[in-house]
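In: Structure of the sequence below:
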Amino acid sequence: MSVIVNEEGIGDAIEKIAEQLKPIVAGKTTAFIGLKSRGDIVAERLVTILAEDDSASLLLGALDASLYRDDLSRLRKSPKLQGTEIDFDLDDAHVILVDDVLYSGRTIRAALDAITDYGRPEKIELAVLVDRGHRELPIEPNYVGISLETEKSDNIKVNLAQEEEAVETIELNP
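Out: Have a look, this model is predicted:
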């Protein structure tokens, strides 16, 4: 694996998404739902940045959409469930769904199905740290930190630190 984005680049990408979202969330209540795992870390960082604007009312949740995947049987025999934390009402909410990497669109499709079990949002938008293309479903992000041109066979690995001493990188394995 070779590092293609370092810690500074990841921080810049999250700041870029936050800048795009500032006018969207100003003066409104917005629910950020991060997809486990790593989308929830990106969502938390976005909320921290956006919370600097006192006019925004921001909710933060995390979603494990594993059991909603249409390709679950291909991925693992027994999926590692990570739990969902959504302790607010989604009916008529403006939701920003956050993921680390957008690839085929299958995880996002699963997340959309899962969200409807928690309510009927007024609007759902998608923010991704990395858009690498190669969609299998008609799903496009509204907010993107980094766009990468990749081959379908490439593997992208996002390392996000949850402890201060950990190194953050985005790696490519062609």
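
In: Just the CA atoms of stretch 109-119, as CSV, please.
Out: Extracted in CSV, the C-alpha atoms of stretch 109-119 (Å, rounded to 0.1, in the frame of the first residue of the first chain):
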residue,chain,number,x,y,z
ARG,A,109,-28.3,2.3,-0.6
ALA,A,110,-28.3,0.1,2.5
ALA,A,111,-28.0,3.2,4.7
LEU,A,112,-30.9,4.8,3.0
ASP,A,113,-33.0,1.7,3.7
ALA,A,114,-31.9,1.6,7.3
ILE,A,115,-32.7,5.3,7.9
THR,A,116,-36.3,4.8,6.9
ASP,A,117,-36.6,2.4,9.8
TYR,A,118,-35.9,5.4,12.1
GLY,A,119,-38.2,7.9,10.4
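
In: Show me the residue sitting in the middle of this structure in space.
Out: For the chain, the residue sitting closest to the mean C-alpha position, by Cα atoms, centre = their mean, is residue 99 at 1.5 Å.

In: List the contacts of the closest residue in space to that residue that isn't next to it in sequence.
Out: Nearest non-adjacent residue to residue 99, counting by Cβ to Cβ, 6 or more residues apart in numbering: residue 39, 3.9 Å away. C-beta here means a position set from N, CA and C on the backbone, and glycine is covered the same way. If you count contacts by Cβ atoms under 8 Å, 6 or more residues apart in numbering, residue 39 has them with 98, 99, 100, 129.

In: for residue 45, same thing?
Out: Contacts of residue 45 by Cβ under 8 Å, 6+ apart are residue 14.

In: In the lengthiest helix in the chain, which residues are buried?
Out: Looking across the chain with DSSP state H, the single longest helix is helix 7-25. By 16 or more other Cβ atoms under 10 Å, the buried positions in helix 7-25 come out as 7, 9, 10, 13, 14, 17, 18, 21, 25.

In: In a markdown table: these, plus distance to residue 162 and pLDDT.
Out: Output for the buried residues of helix 7-25, formatted as a markdown table (distance: Cβ to Cβ, whole Å; pLDDT from 0 to 100):
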| residue | distance to residue 162 | pLDDT |
| --- | --- | --- |
| 7 | 13 | 94 |
| 9 | 19 | 96 |
| 10 | 13 | 97 |
| 13 | 18 | 98 |
| 14 | 15 | 98 |
| 17 | 19 | 98 |
| 18 | 19 | 98 |
| 21 | 22 | 98 |
| 25 | 24 | 96 |
